[in-house]
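No letters, just coordinates:
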Ligand code: BT5
């Protein structure tokens, strides 16, 4: 039964980071499907050393351990699978169409405010105890469920940048119901990671909800940045950006939506 893939749900009142916890579990040989959920994180992490903010008891903070049979070039699709599962679960709350995915890892509302962020981390060196198992990918997601309740709740730097499901729904949202919905939606999406047709489905489903397409973007890469128009998602899940008459394939990097005129 696909629903049982994520039956091992470990709950923490407080922990440094659910991603850190599952990476350590993975090093010790934990199997595919373990889930960690925290009421509070003391060192919630974003990408590139950034931090993830959430007060205790308000939001959904979880990580899943996946061990998909994937080539290294396709492993970024684990982020897509979790982002899509979250979008599915949010749509099922009656918020269909309210939230899209900003490539590659943010869930945003119609004004581009961030509802959730996804962080995938991996261990490239197989640990003792996990030889023979497919390499782990820990995918964490923080979803703003009941915090903030308005811009005034936010630290100044996040005002106008972050939004919660509570704000979008106009009332409190049940975190446990959202967790159940997300894990149920993730089962088929995680299964898709292991199949060529499934990976194409993930890319097509991402294309359907991707708010980046049709916008002007600046792509910040390790060795510089360029601007262009985001025109599509490749069958491999990469962002296609038309720049100076050439379509460039963006595999990784920070994508900033550029407002017209800026
Ligand atoms: C992310 O990073 O968006 C990935 C966030 C992943 C968090 C989850 S929670 C469970 C699991 N365990 C962890 O330790 N992490 C994962 P990035 O794209 O780098 O965005 C981080 C930036 O988003 C910060 O620098 C802030 O500007 C902003 N930010 C922080 N908290 C936010 C919030 N609650 N809502 C909206 N934006 C936020």
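Yes, it's here. Everything numeric here is computed off the predicted structure, so don't read it as measured data.

what's the neighbour count on the closest residue to residue 9 other than its chain neighbours?
Nearest residue to residue 9 in three dimensions, chain neighbours excluded: residue 35, at 4.5 Å (C-beta to C-beta, 6 or more residues apart in numbering). Every C-beta, even on glycine, is put in place using the N, C-alpha and C of the backbone. A count of neighbours around residue 35, defined by other C-beta atoms under 10 Å, yields 21.

right, and residue 35 touches residue 8 too?
Yes - using C-beta atoms under 8 Å, residue 35 makes contact with residue 8 at a distance of 6.5 Å.

sorry, back to before: what sits against the residue nearest to residue 9?
By C-beta atoms under 8 Å, 6 or more residues apart in numbering, the contact list for residue 35 reads 6, 8, 9, 10, 62, 63, 64, 65, 183.

Would you format those residues as JSON lines with distance to the ligand and secondary structure included?
Listed next are the contacts of residue 35 as JSON lines, based on distance: C-beta to the nearest ligand atom, whole Å; DSSP: H, G, I helix; E, B strand; the rest coil:
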{"residue": "6", "distance to the ligand": "15", "secondary structure": "helix"}
{"residue": "8", "distance to the ligand": "17", "secondary structure": "coil"}
{"residue": "9", "distance to the ligand": "14", "secondary structure": "strand"}
{"residue": "10", "distance to the ligand": "13", "secondary structure": "strand"}
{"residue": "62", "distance to the ligand": "6", "secondary structure": "strand"}
{"residue": "63", "distance to the ligand": "5", "secondary structure": "strand"}
{"residue": "64", "distance to the ligand": "10", "secondary structure": "strand"}
{"residue": "65", "distance to the ligand": "12", "secondary structure": "strand"}
{"residue": "183", "distance to the ligand": "14", "secondary structure": "helix"}
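
Buried subset of the residues you listed, written for PyMOL?
A single PyMOL command selects the buried members of those (16 or more other C-beta atoms under 10 Å):
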select buried, resi 6+10+62+63+64+65+183
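
quick one: contacts for residue 56?
Listed by C-beta under 8 Å, 6+ apart, the contact set of residue 56 reads 14, 39, 40.

what's the burial count for the closest residue to the ligand within the stretch 1-150 of the chain?
In the stretch 1-150 of the chain, no residue comes nearer to the ligand than residue 117, which is 1.9 Å away by C-beta to the nearest ligand atom. Other residues near residue 117 come to 22 when the count uses other C-beta under 10 Å.

wait, it sits on residue 142?
Yes - counting by C-beta under 8 Å, residue 117 touches residue 142, with 5.7 Å between them.

Could you name every residue contacting both of these two?
Taking C-beta under 8 Å, 6+ apart as the criterion, residue 117 and residue 142 both touch residue 52.

Count the neighbours of residue 206 for me.
A total of 25 residues lie near residue 206 under the criterion other C-beta under 10 Å.

Packing partners of the helix or strand harbouring it?
Assigned by DSSP states H and E, residue 206 falls within helix 196-209. On a contact count with 3 or more C-beta pairs under 8 Å, 6 or more residues apart in numbering; DSSP states H and E, helix 196-209 meets helix 77-90, strand 99-102, helix 175-193, strand 224-233.

What count of nearby residues applies to the residue of the stretch 151-262 of the chain found nearest the ligand?
Nearest residue of the stretch 151-262 of the chain to the ligand, counting by C-beta to the nearest ligand atom: residue 162, 3.3 Å away. Look at residue 162: counted by other C-beta under 10 Å, it has 23 neighbours.
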